[in-house]
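# Predicted coordinates and the sequence they were generated for:
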Amino acid sequence: MAKAIRFSSTGGPEVLQLADVEVGEPGPGEARVRNHAIGVNFIDVYFRTGLYPLDLPSGLGQEGAGVVEAVGPGVEHVKAGDRVAYAARPNGAYSELRVMPADILVKLPDAISFETGAAMMLQGLTVQYLLKQTYPVKAGETILFHAAAGGVGLIACQWARALGVNLIGTVGSNEKAELAKAHGAAHVINYNTEDVVQRVLEITGGARVPVVYDSVGKDTFARSLDCLRPRGLMVSFGNSSGAVPPFALTELVSRGSLYITRPTLQSYAATREQLEAMAADLFDVVAGGQVKIEINQRFPLADAGRAHIELEARRTTGKTILIP
């Protein structure tokens with residue numbers, strides 16, 4: 001038996017319950033992994049509340065790091081004893097021990113701790129595809145990145161600086177503004193005290209930006225479009241304030257033939273080759289010190305509900321992890 005967080009109905013953090021679960025042997029293409037640390041992400045909230053539907057009862061969590069205990073037939077890229085990290089469906093990372101698809105596991109370099117591995121995979125791989133693939137940023141460009149003091153945002157600030165990119169970050173407090181600046185944001189806008197669109201116009205000399213990265217959703221969507229220059233790209237990759245409401249395509253026309261995309265990690269890391277290349281890029285910047293992973297909240301596995309409360313209240317900065 002192993003401890004795991006389970007929920008049988010959607011709702012608030014109180015639906016998350018610690019339970020004893022049976023963990024069997026891995027089947028073909030599977031591995032049994034003992035988690036040493038588990039990442040908490042906003043996508044977990046989407047599944048818990050039912051915004052993203054799934055069959056219930058269910059486990060939760062898509063990110064972790066630990067040690068492989070056993071592998072099933074056909075698994076060759078990892079073996080028992082390997083240090084590994086992962087970030088992808090299926091849910092179930094909120095657990096001491098789990099049997100899971102082996103194809104999402106990557107070997108974790110010895111230079112990177114389990115906690116860092118669990119804290120960086122989903123958000124770090126997200127930043128990798130956002131900055132290097134969805135819109136390949138170029139040195140000297142100025143871009144806009146919402147929620148710059150969050151887990152994804154702090155990685156983006158550092159990685160953008162390493163690439164020579166001027167990142168304008170939006171935040172909700174002066175404290176978060178200082179945090180984003182300390183991690184490499186060239187400019188910071190406090191959306192509670194400043195007009196985001198006006199400040200972007202001032203910073204760019206009226207030119208606006210070629211790309212906006214927006215994980216906030218409903219509250220920032222319209223302003224994000226107004227910050228784009230003609231033929232700019234709107235990258236909507238999250239809904240922390242709620243889903244983006246339906247809008248007319250003419251909104252893109254009136255602002256200068258804008259583009260829009262809704263990317264996911266699953267699409268960018270669809271093959272083993274793609275995942276390995278993205279992870280190697282992430283491991284290089286973390287091991288090399290260009291990107292430091294900020295773990296600012298740690299909770300015992302049993303307190304997963306409390307971790308969600310803090311995350312949804314936007315009282316967290318950097319990364320939140322669970323310790324089995």
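Structure's in. What do you need? All values derive from a computational prediction rather than experimental measurement.

# hang on, residue 152 packs against residue 235?
No. Residue 152 is beyond contact range of residue 235, at 11.7 Å (criterion: C-beta atoms under 8 Å). Every residue, glycine included, has its C-beta placed from N, CA and C.

# Give me the buried positions along stretch 131-142.
By neighbour count on 16 or more other C-beta atoms under 10 Å, the buried set for stretch 131-142 is 131, 132, 134, 135, 137, 141, 142.

# correction: stretch 37-54
37-48, 54.

# Let's test this: mean pLDDT of it, rounded?
Mean pLDDT, stretch 37-54: 94.

# likewise stretch 261-281?
On average, stretch 261-281 scores 95.

# For the residue nearest to residue 8 when sequence neighbours are not counted, list the residues it contacts.
Nearest non-adjacent residue to residue 8, counting by C-beta to C-beta, 6 or more residues apart in numbering: residue 57, 4.0 Å away. Residue 57 is in contact with 6, 7, 8, counting by C-beta atoms under 8 Å, 6 or more residues apart in numbering.

# Quick check: beta-bridge partners of the first one?
It stands for residue 6. residue 17 (DSSP bridges).

# show me where the protein has helices.
42-49, 114-129, 151-162, 174-182, 196-203, 221-226, 250-254, 265-268, 272-287, 304-312 (DSSP state H).

# who touches the residue most central in space within the chain in this structure?
For the chain, the residue nearest the mean C-alpha position is residue 123 (3.0 Å; C-alpha atoms, centre = their mean). Each residue near residue 123 by C-beta under 8 Å, 6+ apart is listed here: 39, 41, 151, 152, 155, 319.

# tell me the domain ranges of the chain?
Structural domains assigned to the chain are 2-121+269-323, 139-262, following automatic domain parsing.

# so which of the ones you listed gets nearest residue 127?
Of all the domains of the chain, it is domain 139-262 that lies closest to residue 127, at 4.7 Å by C-beta to C-beta.

# Centre of the chain to stretch 16-33, how far?
Using C-alpha atoms, centre = their mean, to the nearest Å, the mean C-alpha position of stretch 16-33 is found 24 Å from that of the whole chain.

# Okay, now that stretch: how far is its last residue from its first?
End-to-end span of stretch 16-33 (C-alpha to C-alpha, to the nearest Å): 22 Å.

# which of the residues in it are buried?
Buried residues in stretch 16-33 (16+ other C-beta under 10 Å): 16, 18, 19, 21, 23, 26, 30, 31, 32, 33.

# Any chance you could list what contacts that stretch?
Here stretch 16-33 has contacts from 1-7, 48, 60, 64, 66-75, 78, 84, 86, 94-95, 97-103, 105, 301-302, 304-305, 308, using C-beta under 8 Å, 6+ apart.

# from those, which would you call buried?
Buried members of those, scored by 16+ other C-beta under 10 Å, are 4-7, 48, 60, 64, 66-69, 71-72, 75, 78, 84, 86, 94-95, 97-103, 105, 301, 304-305, 308.

# how close does the nearest residue to residue 149 once chain neighbours are set aside get to residue 1?
Take residue 149 and drop its neighbours on the chain: the residue closest to it by C-beta to C-beta, 6+ apart is residue 176, 3.6 Å away. According to C-beta to C-beta, to the nearest Å, residue 176 and residue 1 sit 41 Å apart.

# again with residue 245
45 Å.

# Just the terminal-to-terminal distance for stretch 248-259.
Stretch 248-259 end-to-end distance (C-alpha to C-alpha) = 13 Å.

# wouldn't residue 121 be in contact with residue 86 here?
Yes. With contact defined as C-beta under 8 Å, residue 121 counts as touching residue 86 (6.3 Å).

# Overlap in contacts, the two.
63, 65.

# any idea how far the residue nearest to residue 8 is from residue 5?
Using C-beta to C-beta, we find residue 57 at a distance of 11 Å from residue 5.

# need the contact list for the closest residue in space to residue 324 that isn't next to it in sequence.
Excluding its sequence neighbours, the residue lying closest to residue 324 (C-beta to C-beta, 6+ apart) is residue 96, at 4.3 Å. Residue 96 is in contact with 2, 3, 4, 34, 35, 301, 324, counting by C-beta under 8 Å, 6+ apart.
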